[in-house]
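Enquirer: output the structure for:
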Amino acid sequence: MNAVVETPGGSAQKFTYDPESRFFKLKKWLPAGMYFPYDFGFIPGTKGEDGDPLDIVIIAEFSSFPGCMIECKLIGGIKGNQSDGKSKKMIRNDRFFAVPLASVVFEKVRSMKDLNPELVNQLGEFFVNYNKLEKRKFEVAGLLTVSESLQIINSSK
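Expert: Residues are numbered from 1 along each chain as shown. Have a look, this model is predicted:
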């Protein structure tokens, strides 16, 4: 599958793709000491409950740049519930995870279970804290297997 990077790993700047202008825009700066742990982007051709393309984290030993399309293998996801910001109504907003086919360090990772459990926990906490900045709530509601993730992705196309 392909993933498009919006924000590179290690960046404190959050970028977002603007389909109208077809450019990547700087959305905001994260507070001092906070940064994206890995490349963060979207799965092209999908649409989630929030109206945006589905989110994806690309776990790799390298970071790329906004607009870079990376061929990946899906390894699962975090089932997430997120407030919409205005009405505080909770909607489903999962975070999917993939490893680039070009990765050497993570080439043997096939599912979320192959990652260190503490890393998976920290990734969930990143999204909890990131959403606090937006005055939204994010709850980790469990992990998604590769097959569950594929089902969700395919139904969102």
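Enquirer: which residues of this structure score low on pLDDT?
Expert: Of all residues in the chain, none has pLDDT under 70.
Enquirer: do a quick rundown of the helices in it.
Expert: For the chain, helices defined by DSSP state H occupy the ranges 117-133, 146-155.
Enquirer: the chain: strands as residue ranges?
Expert: 2-7, 13-18, 23-29, 39-42, 55-58, 69-83, 90-92, 95-100, 138-144 (DSSP state E).
Enquirer: could you give the separation of the fifth one from the chain centroid?
Expert: Using Cα atoms, centre = their mean, to the nearest Å, the distance from the centre of strand 55-58 to the centre of the chain it belongs to is 3 Å.
Enquirer: could you do the shortest one as well?
Expert: Taking Cα atoms, centre = their mean, one finds the center of strand 90-92 at 16 Å from the center of the full chain.
Enquirer: and for the second one?
Expert: Using Cα atoms, centre = their mean, the distance from the centre of strand 13-18 to the centre of the chain it belongs to is 13 Å.
Enquirer: return it as PDB; C-alpha atoms alone will do.
Expert: C-alpha atoms of strand 13-18 as PDB (Å, rounded to 0.1, in the frame of the first residue of the first chain):
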ATOM      1  CA  GLN A  13       5.900  21.400  12.800                       C
ATOM      2  CA  LYS A  14       2.600  19.900  11.700                       C
ATOM      3  CA  PHE A  15       1.900  20.000   8.000                       C
ATOM      4  CA  THR A  16      -1.400  19.100   6.300                       C
ATOM      5  CA  TYR A  17      -2.200  18.500   2.700                       C
ATOM      6  CA  ASP A  18      -4.700  20.900   1.200                       C
END
